[in-house]
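> Got a predicted structure here, sequence first:
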Protein chains: 2
Amino acid sequence: MKEGPDIARIAALIGDPARANMLTALMSGKALTVSELAEEAGITIQTASSHLSKLEGGGLLRPRKQGRHKYFSLANEDVAHALEALMGLAAGAGHLRKRTGPKDAALRKARVCYNHLAGDMGTQMFDALMAQNHIKLQGEDLILTDKGTHFITTLGIDLDSLQAKKTPLCRECLDWSERRSHLAGSLGRALLSHFETLNWAKRDQNTRVVRFSREGLQEFERLFEVDVRRR
Amino acid sequence: MKEGPDIARIAALIGDPARANMLTALMSGKALTVSELAEEAGITIQTASSHLSKLEGGGLLRPRKQGRHKYFSLANEDVAHALEALMGLAAGAGHLRKRTGPKDAALRKARVCYNHLAGDMGTQMFDALMAQNHIKLQGEDLILTDKGTHFITTLGIDLDSLQAKKTPLCRECLDWSERRSHLAGSLGRALLSHFETLNWAKRDQNTRVVRFSREGLQEFERLFEVDVRRR
DNA sequence: TTCATAGTTCGATGTTAATCGAAGCATTGA
DNA sequence: TCAATGCTTCGATTAACATCGAACTATGAA
């Protein structure tokens, strides 16, 4: 009859087979739609919808609407950690699922989305900016931190002129090949054109592919402390 | 409809409020009886018994019979880890419970149990032997490892004569003040008398208290790499 | 506007499982 | 051997909830 943190409530949420399947599917880090998750769990869309709103209410999922789709992803690292711990208990060795994206390798690696960088490198850049605390999520909005402001201006990007425009500075855009977030908004656009003026990257004329030069790739990796080639 | 590790099954086990309360109570590391756990969860003993056998069947608990009591403790570190992860999700800050033992401080610290060392120092010695891989659990039985054999003979204890006896060398005994395991069996007995011959410790005549000398305490701490005084 | 697609809400149904009383079993102590 | 204590098993009851069909809302496309 004692009260600690309400571990039962959230364990019960994970404890339903349908919900557990959805959560496991989301362990890839990618965002999935209601219908995809329904398929994954082997239930109808109505049922899935009900489950998903419970998971969202319990703080396990983060929903994002994009057009007429609703994408769900795990709410944060803690959720993934707890799931992994449970997987470890259930099976011994933890094993994560993989999920394949679209076809063309070059498109998947780096491409233009509207006017900013998308694809694997886009999401990696986004993750790096988050990890290094240059940008952060505040409620629904994405904001540039003080540290991030410093980082951007040091790059030689004129923030003031960006902020003068009425389009939002930072926007989160869901990458449809990676199903993860990348950076949109005027800052996302400015970063891509920054890469172009430095000759780090070139847009392909006919396709949406973005090609990084050898040097550009190295600089990109140094700047964001990532390892693009080893993925 | 996919199959990964069956995370739902075990999450459902944790997901019942009564069971979650029991598990939380066991996070102290101490073993508790069926009736105590029933009390903890606010349910009748029958219901508790049913829950506990499910938890045991799911591999979350380790039962030990001692007389007409049945003690339960968490099965292993992984279980505790998973519970903690869930607690973190549920509340943000993790917080462990405390549970008080019996009264007399000296008795709680070190005493004789049958003929071996019990109390706080007994369980600490046990934990240290386990952590340093001198003894380990093999199925239901406790065995001395090769490393442990070396350790014991180096102390100057005659293992051969111990093994000649028909009483088991290593036995796990549940400490009723600490509600954790300490080392019994002929080895446990030998260790205590070893401490006595070296004048590290003396048994009190009337009570079951074991008193360590200043030097004995230091040697004990060095030997097992623990810090008894700072608990 | 009209149609199609993606999700949500509502209501009815069926299954699961938590709960406890009562009876049974096992261990301990006298 | 008898009584007391600790726990388990059985059976009946009850409450919760997962599930899906059907109707509804919202977004996008023609």
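Perfect, thanks for sending it.
> all helices for chain A, in order.
A:7-15, A:17-26, A:34-41, A:45-57, A:77-91, A:105-109, A:120-131, A:146-154, A:159-164, A:185-197, A:214-224 (DSSP state H).
> Which positions in chain A make contact with DNA strand D?
Residues of chain A found near DNA strand D (CB under 7 Å from any atom of the strand) are A:12, A:16-18, A:43-44, A:46-47, A:50-51, A:54, A:67-68. Just so you know, the C-beta spots here come from the backbone N, C-alpha and C atoms, and that holds for glycine as well.
> out of those, which is most surrounded?
Tallying neighbours with other CB atoms under 10 Å in any protein chain shown puts A:H51 at the head of the residues of chain A next to DNA strand D, with 23 neighbours.
> Can you give me every residue that contacts it?
Going by CB atoms under 8 Å, 6 or more residues apart in numbering or on different chains, A:H51 touches A:16, A:18-19, A:22, A:41, A:43.
> With A:M130 instead?
By CB under 8 Å, 6+ apart, the contact set of A:M130 is A:136-137.
> ok, now with 6 Å
Shown in contact with A:M130 (CB atoms under 6 Å, 6 or more residues apart in numbering or on different chains): no residues.
> Can you read off the pLDDT for it?
On pLDDT, A:M130 comes in at 91.
> Ok, A:R99 next?
41.
> Please apply the same query to A:L83.
pLDDT recorded at A:L83 is 89.
> Distance check, it against A:E39.
Using CB to CB, to the nearest Å, A:L83 is found at 20 Å from A:E39.
> Of those two, which one has the most company?
Between A:L83 and A:E39, A:L83 has the larger neighbour count (other CB under 10 Å), namely 26 against 15.
> hang on, the earlier thing: restrict the residues of chain A next to DNA strand D to contacts with DNA strand C.
Contacts with DNA strand C within the residues of chain A next to DNA strand D, as defined by CB under 7 Å from any atom of the strand: A:46, A:50, A:68.
> Could you save the residues you listed as JSON lines and add columns showing distance to B:E219?
Formatted as JSON lines, these follow (distance: CB to CB, whole Å):
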{"residue": "A:Q46", "distance to B:E219": "70"}
{"residue": "A:S50", "distance to B:E219": "64"}
{"residue": "A:R68", "distance to B:E219": "74"}
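> Low-confidence ranges, chain A, go.
Counting by pLDDT under 70, chain A shows low-confidence ranges at A:1-5, A:92-104, A:114, A:139-140, A:166, A:176-177, A:179, A:205-207, A:230-231.
> interface residues of it facing chain B?
Residues of chain A that fall close to chain B, judged by CB under 6 Å from any CB of the partner chain: A:1, A:4-8, A:10-12, A:14-15, A:17, A:20, A:24, A:42, A:78, A:81-82, A:85-91.
> Pull out the buried members of these.
With burial judged by 16 or more other CB atoms under 10 Å in any protein chain shown, the buried subset of these is A:4-8, A:10-12, A:14-15, A:17, A:20, A:24, A:78, A:81-82, A:85-90.
> Now for the residues of chain A next to DNA strand D: which two are most distant?
A:A12 and A:G67 (32.8 Å; CB to CB).
> Residue numbers of chain A in contact with DNA strand C?
Checking chain A against DNA strand C by CB under 7 Å from any atom of the strand, the hits are A:33-35, A:45-46, A:49-50, A:52-53, A:68-70.
> any idea which of the residues you listed has the most stuff around it?
Using other CB under 10 Å as the neighbour criterion, A:L52 leads the residues of chain A next to DNA strand C with 22 neighbours.
> Skipping adjacent residues, who's closest to A:E56 in space?
In space, and not counting its chain neighbours, A:E56 is closest to A:P63: 5.6 Å by CB to CB, 6 or more residues apart in numbering or on different chains.
> What residues are bridge-paired with that neighbour?
Taking DSSP bridges as the rule, A:P63 bridges to A:F72.
> Run a quick check on it versus A:F72, I expect a contact.
Yes: between A:P63 and A:F72 there is a contact under CB atoms under 6 Å: 5.4 Å.
> Of these two, which one has the most company?
In terms of neighbours (other CB under 10 Å), A:F72 is the more surrounded of A:P63 and A:F72; the figures are 24 against 15.
> what's the distance between the more buried one and A:G88?
Taken as CB to CB, the span from A:F72 to A:G88 is 24 Å.
> Ok, A:S213 next?
43 Å.
> Likewise for A:N76?
Distance of A:N76 to A:G88, computed by CB to CB: 19 Å.
> so how far is stretch A:130-137 off the chain centroid?
Remark: stretch A:130-137 is offset 12 Å from the chain centroid, using CA atoms, centre = their mean, to the nearest Å.
> Lovely, talk soon.
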